[in-house]
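Student: here are the coordinates; sequence isn't available:
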Ligand code: MRU
């Protein structure tokens, strides 16, 4: 059964594949083979993810068969990025119950609640689980319920891809020929079901024939910038230079950055933006140097029910992510560390927010 998606214009069939490195074309003309974070087989209802913990050294896919495996993949960042974890949770829910003839509503509700809490900051996750919960409460039971859940999850996948393409179309206008774009963490193909959020305008500008260079901040402590963004862009043939997070302000001062473009995990009603830790520092530095600070995110990342950044829950992660790097001890094993996964950039430092609906400029006031 294929999804019937209501909110947006979507491709008639879902471009899905189980190939290890999917090379199917996405909705925006990108001149390279795109790597996908999620591979969904709609016929067998199986979900495979690219295990992002191993990049760039190894390109390994894993099938997620149970709620335990889906939750662990999200919490360990095997699958990551706000839009991707929402879609992965929805597809993973369906995959986990696919072999049950009559899925129990009680078990489905419990699984949805668990997955919704797997990571607290990215609102896409709880938003996607709320949509799946509505299906559980409204559809008839038995096999039709699983069909309805599969349809909704496939809808989420297709919508996300479509929103990424729209962000690319709108955001490309912000990227001039020759632009040097600084980004943080990874908000590209591997963080979404499509061509990304922050990287979507880059892909779209390159597809339009513009020369674009990306400076990828390495993004301590888990190095999504150097491990994932640099790998993704390098593979796409887009010039990318890695810098440590502590080099960003100096590069701005040296005149080597034209704009900053990042993703978001949650955008509050007043335009405050939660994104990967280090984003706030980039915003302060960009403001000091008179550089535009753009945020790109789909509608699913905007949380109009959260009034401002102070109300956004910030995920705190294990101390050893900072104290250790692989087998190496980087700090004494007993020393205390701070390890918030995200920070909040006040709306006053955000030049514009690129969404699938267009470019929004201050004053921000998002409503439902
Ligand atoms: O901890 P991560 O790797 O999931 O953090 C991801 C980010 O902070 C991204 O910038 C954000 O989710 C947007 S992804 C399109």
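Tutor: The structure has been received and is ready for your questions. Note that the structure is a prediction, hence the values are computed from the model and not measured.
Student: domains in the chain, as residue ranges please.
Tutor: Residue ranges for the domains of the chain, per automatic domain parsing: 38-166, 171-360.
Student: Same list (the ones you listed) but as a markdown table, adding mean pLDDT.
Tutor: Listed next are the domains of the chain as a markdown table, based on pLDDT from 0 to 100:
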| stretch | mean pLDDT |
| --- | --- |
| domain 38-166 | 96 |
| domain 171-360 | 98 |
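Student: mind putting these in JSON lines, mean neighbour count and distance to residue 367 included?
Tutor: For the C-beta atoms, the positions are set from N, CA and C on the backbone; glycine is no exception. Putting the domains of the chain into JSON lines (neighbours: other C-beta atoms under 10 Å; distance: least, C-beta to C-beta, whole Å) gives the following:
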{"stretch": "domain 38-166", "mean neighbour count": "20", "distance to residue 367": "15"}
{"stretch": "domain 171-360", "mean neighbour count": "20", "distance to residue 367": "5"}
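Student: Would you format those as JSON lines with distance to residue 366 included?
Tutor: Shown next, in JSON lines, are the domains of the chain (distance: least, C-beta to C-beta, whole Å):
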{"stretch": "domain 38-166", "distance to residue 366": "12"}
{"stretch": "domain 171-360", "distance to residue 366": "5"}
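Student: Redo the ones you listed as TSV? Include distance to the ligand.
Tutor: Formatted as TSV, those follow (distance: least, C-beta to the nearest ligand atom, whole Å):
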stretch	distance to the ligand
domain 38-166	4
domain 171-360	3
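Student: ok, for residue 249, nearest residue in space, not its chain neighbours?
Tutor: residue 285 (4.0 Å; C-beta to C-beta, 6 or more residues apart in numbering).
Student: in what helix or strand does that neighbour lie?
Tutor: Residue 285 belongs to helix 279-288 when assigned by DSSP states H and E.
Student: And the helix or strand just after that helix, what does it pack against?
Tutor: Where DSSP H and E defines the elements, the next helix or strand beyond helix 279-288 is strand 293-296. If contacts are counted by 3 or more C-beta pairs under 8 Å, 6 or more residues apart in numbering; DSSP states H and E, strand 293-296 sits against helix 143-171, strand 259-262, helix 279-288, strand 352-355.
Student: circling back to that earlier point, the residue nearest to residue 249 is in contact with residue 250, isn't it?
Tutor: No. The criterion here is C-beta atoms under 8 Å, and residue 285 misses it with residue 250 at 9.1 Å.
Student: show me the residues around residue 356 that make contact.
Tutor: Residue 356 makes contact with 8, 162, 163, 164, 166, 167, 170, 298, 299 under the criterion C-beta atoms under 8 Å, 6 or more residues apart in numbering.
Student: which residues sit in contact with the last one?
Tutor: Just to be clear, that refers to residue 299. 163, 355, 356, 357.
Student: where do the helices sit along the stretch 51-200 of the chain?
Tutor: 67-75, 82-97, 105-116, 123-138, 143-171, 199-207 (DSSP state H, counting those that start in this stretch).
Student: what packs against the longest one?
Tutor: Read that as helix 143-171. Applying 3+ C-beta pairs under 8 Å, 6+ apart, we find helix 143-171 packed against strand 38-41, helix 82-97, helix 105-116, helix 123-138, helix 199-207, strand 293-296, strand 352-355, strand 358-360.
Student: Go again with 7 Å.
Tutor: For helix 143-171, the elements it packs on are helix 82-97, helix 123-138, helix 199-207, strand 352-355, judged by 3 or more C-beta pairs under 7 Å, 6 or more residues apart in numbering; DSSP states H and E.
Student: got it, and the second one?
Tutor: For helix 82-97, the packing partners by 3+ C-beta pairs under 7 Å, 6+ apart come out as strand 38-41, strand 46-50, helix 67-75, helix 105-116, helix 123-138, helix 143-171.
Student: of those, which approaches residue 322 most closely?
Tutor: Checking these against residue 322 by C-beta to C-beta gives helix 67-75 as the closest, at 16.9 Å.
Student: who's in contact with that closest one?
Tutor: If you take C-beta atoms under 7 Å, 6 or more residues apart in numbering as the criterion, helix 67-75 is touched by 49, 64, 79, 85, 88-89, 92, 96, 111, 114-115, 118-119.
Student: sorry, back to before: what sits against the residue nearest to residue 249?
Tutor: Residue 285 touches 248, 249, 252, counting by C-beta under 7 Å, 6+ apart.
Student: how close does the most centrally placed residue in the chain sit to residue 185?
Tutor: Centre of the chain computed as the mean C-alpha position; nearest residue by C-alpha atoms, centre = their mean is residue 81, 2.9 Å away. Residue 81 is 8 Å from residue 185, where distance means C-beta to C-beta, to the nearest Å.
Student: shared neighbours of these two, which are they?
Tutor: Residues touching both residue 81 and residue 185 by C-beta under 7 Å, 6+ apart: none at all.
Student: Okay, residue 313 and residue 256: tell me how far apart.
Tutor: From residue 313 over to residue 256 the distance is 35 Å, taken as C-beta to C-beta.
Student: Could you do residue 132 as well?
Tutor: The spacing between residue 132 and residue 256, counted by C-beta to C-beta, is 45 Å.
Student: again, but for residue 41
Tutor: Counting by C-beta to C-beta, the gap from residue 41 to residue 256 is 44 Å.
Student: Quick one, which of the helices of the stretch 51-200 of the chain gets closest to residue 238.
Tutor: Residue 238 lies closest to helix 199-207 among the helices of the stretch 51-200 of the chain, at 5.8 Å (C-beta to C-beta).
Student: what's the following helix or strand after that closest one?
Tutor: Counting by DSSP H and E, the element that comes right after helix 199-207 along the chain is strand 212-217.
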